[in-house]
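Novice: can't give you the sequence, but here's the structure:
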């Protein structure tokens, strides 16, 4: 299973990549929304996006809007240190599953399982 990690923090990228690959996911990484959209168009078999909302330039909300319009079959998990604040923002963000940073391996596995993946 292919997963796109959209994250700008190097340490979080390394952790997510390690944990996801341990769970059997192949990972692709980008640190911004523009490259994420290009990656989604180039790799239509991506099944999961792990998304930080607070990114440089365009926010993760813009990627959520793109996914809703263009790739609604792709599952999304928001991973952010600002989960409580995010729930007060955009309704699309409110409706998207979230995992608070910092997280443990078991929390990530459980969040991915709740999206319907067999992990």
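Specialist: Good, I have the coordinates. This is a predicted model, so every value here is computed, not measured. Residues are numbered from 1 along each chain as shown.
Novice: what's the following helix or strand after the helix or strand bottoming out on mean pLDDT in the chain?
Specialist: Least confident helix or strand, the chain: helix 83-86 with a mean of 70, by mean pLDDT, DSSP states H and E. Later in the chain than helix 83-86, the nearest helix or strand by DSSP states H and E is helix 91-94.
Novice: for the next helix or strand after that next one, which positions count as buried?
Specialist: Per DSSP H and E, the first helix or strand lying C-terminal to helix 91-94 is strand 98-100. Neighbour counts over strand 98-100 (16 or more other CB atoms under 10 Å) mark 98-99 as buried. (Each C-beta comes from the backbone N, C-alpha and C, glycine too.)
Novice: hey, where'd the strands end up in the protein?
Specialist: 2-6, 26-30, 46-51, 75-80, 98-100 (DSSP state E).
Novice: For the residue nearest to the spatial centre of the chain, list each beta-bridge partner.
Specialist: Taking CA atoms, centre = their mean, the centroid of the chain lies closest to residue 50, which sits 1.5 Å from it. Note on residue 50: beta-bridge partners by DSSP bridges are residue 5, residue 77.
Novice: In contact with it, which residues?
Specialist: By CB atoms under 8 Å, 6 or more residues apart in numbering, the contact set of residue 50 is 3-7, 16, 20, 77, 79.
Novice: try residue 55
Specialist: 6-8, 31-33.
Novice: hang on, the earlier thing: generate TSV for the strands of the chain, with mean pLDDT as supplementary columns.
Specialist: Below are the strands of the chain laid out as TSV (pLDDT from 0 to 100):
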stretch	mean pLDDT
strand 2-6	97
strand 26-30	98
strand 46-51	97
strand 75-80	95
strand 98-100	94
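Novice: which residues touch residue 111?
Specialist: 77, 97, 99.
Novice: Just give me the neighbour total for the first one.
Specialist: In this case it means residue 77. When counting by other CB atoms under 10 Å, one arrives at 19 neighbours for residue 77.
Novice: my guess is it contacts residue 112, does it?
Specialist: Yes - with contact defined as CB atoms under 8 Å, residue 77 counts as touching residue 112 (6.7 Å).
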